[in-house]
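Novice: the sequence and its predicted three-dimensional model are supplied below.
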Amino acid sequence: MIAIACDHTALHLKGEIISLLKAKGLEYEDMGTYSEERAEYPEYAEKLALSVVSGAHEKGILICGTGIGMSIAAGKVNGTRVCVCSDCYSAKLSRQHNDSNILCLGARVVGSELAKMIVDIWLDAKFEGGRHAERIAKFAEIEKRQK
Ligand code: RB5
């Protein structure tokens, strides 16, 4: 199941991405925000990131104005592999090489058609493993050294 969340800048784009998830026949959970009232993006990023690293959701999509605030906040949760993408190539490689588990988008950066293309590619691309898996393992080592 895919988790999705946004702040107040990105309600429209979240709706567009949800339409894509439905069209792809994917189950999803919309973790908010649900209105245009100002929403604090770190709270949504933490909630979604914790759900992804717990295994409750396979992957997550976070949307704010730039995608940057969401990515910084979600990246504070151990076990996340967060990418901010505004192009299709990065979205594909973030899965194939980095096994990204959270995709962040900037609703003020990308138009809805490009955003949907990025999400589509990101969801379909598979992690290639091999030498990339060895590098991914080093992420956990970095996290352990912070404790
Ligand atoms: C909200 O104004 C804006 O700061 C937020 O959506 C996001 O772009 C933060 O990185």
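Specialist: Happy to help now that I have it.
Novice: roughly how far does residue 140 sit from the ligand?
Specialist: 26 Å (Cβ to the nearest ligand atom, to the nearest Å). Bear in mind the C-beta positions are built from the backbone N, C-alpha and C, glycine included.
Novice: name the helix or strand for that residue, please.
Specialist: helix 131-145 (DSSP states H and E).
Novice: and the most centrally placed residue in the chain, which of the three is it?
Specialist: Centrality entry for the chain: nearest residue to the mean C-alpha point is residue 103, 2.3 Å, by Cα atoms, centre = their mean. At residue 103 the chain is in strand, as set by DSSP: H, G, I helix; E, B strand; the rest coil.
Novice: tally of neighbours for residue 113?
Specialist: Number of residues near residue 113 (other Cβ atoms under 10 Å) recorded here: 9.
Novice: can you check residue 114 too?
Specialist: 15.
Novice: where's it, which helix or strand?
Specialist: Per DSSP H and E: helix 112-124 holds residue 114.
Novice: chain center to that helix: distance?
Specialist: 11 Å (Cα atoms, centre = their mean, to the nearest Å).
Novice: could I get the full set of helices for the protein?
Specialist: 11-23, 41-53, 68-74, 88-96, 112-124, 131-145 (DSSP state H).
Novice: would you format the ones you listed as TSV with mean pLDDT included?
Specialist: TSV is the format used below for the helices of the chain (pLDDT from 0 to 100):
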stretch	mean pLDDT
helix 11-23	98
helix 41-53	98
helix 68-74	98
helix 88-96	98
helix 112-124	98
helix 131-145	97
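Novice: make CSV from those helices and add distance to residue 4 to it.
Specialist: Output for the helices of the chain, formatted as CSV (distance: least, Cβ to Cβ, whole Å):
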stretch, distance to residue 4
helix 11-23, 6
helix 41-53, 8
helix 68-74, 11
helix 88-96, 15
helix 112-124, 9
helix 131-145, 23
